[in-house]
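[1] Everything below, folded, please.
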Amino acid sequence: MKVINILGSPRKKGTSARIAEAFTDSVAKHGAEVEHFYLNGLMYRGCQGCEICHSKKDHCILEDDLTPVLEAMRTADVTVFSSPVYYSDISGQFKTFFDRTYSLLDVNYEQETTISSRLPEGKTAIFILTQGDVEEKHTDIIERYRPFFDLHGYALKTIRAAALASGRPDEDVSVAQAEAARMAENLMSIEK
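    Sure, this is the predicted structure:
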């Protein structure tokens, strides 16, 4: 099994990164191949809206540090997406990356099904969100992004860690880390 971990926080060892690491450490113990991408350490641009990925090519024509990330998404069985919640949404690093995944969709308005995924079927997405605000706030983020995960054909699993009020990257997220490890164990037992 191939797992890629896309870290959308500017904090390399922050709360969302540590929860994602609990998942990837667990799958790695069971023999999964894991590759990590730290978005804040990459140089990339947002989607340019050029539509070349839908009119002439089957991939994004921008060649930057996101190119290997988008390619890895094609071959990964499981993709871990993690982001802190900033200003009631995902981080800017993550949103800029996520817009570029538009190139992984086939868009043809002359077909009955106008949008379909270019990713092979059977993939799982783990969407991890952390926030300082209380549990009841920002629940809409998952619902806003779910349709995009659906378009890509992902079976979506989510983990949210809320009420991390101090804003410190070393805040206690042990409950969410345990949830991530359990999720990984369950996923690996299904694969066997």
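[2] Check the offset of the top helix by length along the chain from the chain's centre.
    Longest among the helix segments of the chain by residue count, using DSSP state H, is helix 174-191. Centre-to-centre, helix 174-191 and its host chain are 16 Å apart (C-alpha atoms, centre = their mean, to the nearest Å).
[3] for stretch 85-96, same thing?
    Going by C-alpha atoms, centre = their mean, where stretch 85-96 is centred and where its chain is centred differ by 12 Å.
[4] Span of it from start to end?
    14 Å (C-alpha to C-alpha, to the nearest Å).
[5] buried residues in it?
    In terms of neighbour count (16 or more other C-beta atoms under 10 Å), stretch 85-96 has its buried residues at 85-86, 89-94, 96. Heads up, the C-betas are built off the backbone N, CA and C, glycines and all.
[6] now stretch 39-55
    39, 44, 47, 53-54.
[7] go on, stretch 108-119?
    Leu119.
[8] low pLDDT regions in the chain?
    The chain contains residues with pLDDT under 70 at 192.
[9] Quick test: name the residue nearest the centre of it.
    Phe81 (2.1 Å; C-alpha atoms, centre = their mean).
[10] now that one, what's its secondary structure?
    strand (DSSP: H, G, I helix; E, B strand; the rest coil).
[11] That one and Asp170: what is the separation?
    Using C-beta to C-beta, to the nearest Å, Phe81 is found at 22 Å from Asp170.
[12] Name the nearest residue to Val107, sequence neighbours excluded.
    Distances taken as C-beta to C-beta, 6 or more residues apart in numbering put His54 closest to Val107, at 4.3 Å, once the chain neighbours are dropped.
[13] Many thanks, I have nothing further to ask.
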